[in-house]
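make a model of this:
(one chain, ligands or ions: 1)
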Amino acid sequence: MIQEKLARMAMFIEAARSLIYRAAYYIDDYLKFKIDPRAMGALAGAAKVYGTEVANYVVDEAIQIHGGYGYFEEFDVERYWRDHRVTRIYEGTNEINLLTITDALRRGVWKP
Ligand SMILES: Cc1cc2nc3c(=O)[nH]c(=O)nc-3n(C[C@H](O)[C@H](O)[C@H](O)COP(=O)(O)OP(=O)(O)OC[C@H]3O[C@@H](n4cnc5c(N)ncnc54)[C@H](O)[C@@H]3O)c2cc1C
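Residues are numbered from 1 along each chain as shown. Alright, predicted model coming up:
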């Protein structure tokens, strides 16, 4: 069971990192007006939402693996839980970022 958890955690972290790098890759095009600002916003929003949801999943699983110790302040994973939680709220809540993505899809300016 622990092996499967670790494999999924690693897999999702790599997927999130890839999406973040992809969004970063397009920033040059955005600055040269080669990409619609709404498409850039959607891609950046997707990276933000996915990255923070992966952080939520991974930290939660890390606590589960540690069992009761994961809940104690003495262990780093407890701190990671509190620190990561705000990332779905600030810099644009995930709900609003998802609306940004839908807006770009609806306008046809972003075709994943
Ligand atoms: C630790 C921390 C640091 C911060 N640092 C900064 C900073 O440095 N600079 C800065 O400017 N701000 C900062 N903020 C503020 C942060 O950007 C806001 O908390 C965030 O934008 C959410 O706004 P709100 O708290 O008013 O929630 P609200 O806008 O009241 O939203 C409450 C909930 O409703 C949802 N919601 C709202 N509208 C919709 C909608 N139309 N459709 C669907 N769901 C919706 C939201 O997603 C959220 O889940 C910080 C916040 C925290 C907690």
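
tell me the contacts of residue 15?
50, 54 (C-beta atoms under 8 Å, 6 or more residues apart in numbering). Where C-beta positions appear, they are placed from N, C-alpha and C, glycine not excepted.

the longest helix anywhere in the chain: which residues count as buried?
Ranked by residue count, the top helix of the chain under DSSP state H comes out as helix 37-66. By 16 or more other C-beta atoms under 10 Å, the buried positions in helix 37-66 come out as 38-52, 54-56, 58-63.

which among those residues are in contact with the ligand?
Among these, no residue sits close to the ligand (C-beta under 6 Å from any ligand atom).

from residue 61, how far off is residue 104?
As defined by C-beta to C-beta, to the nearest Å, residue 104 lies at a distance of 31 Å from residue 61.

now the helices: where do they sit in the chain?
According to DSSP H, the helices that the chain contains are 2-25, 27-31, 37-66, 76-85, 94-107.
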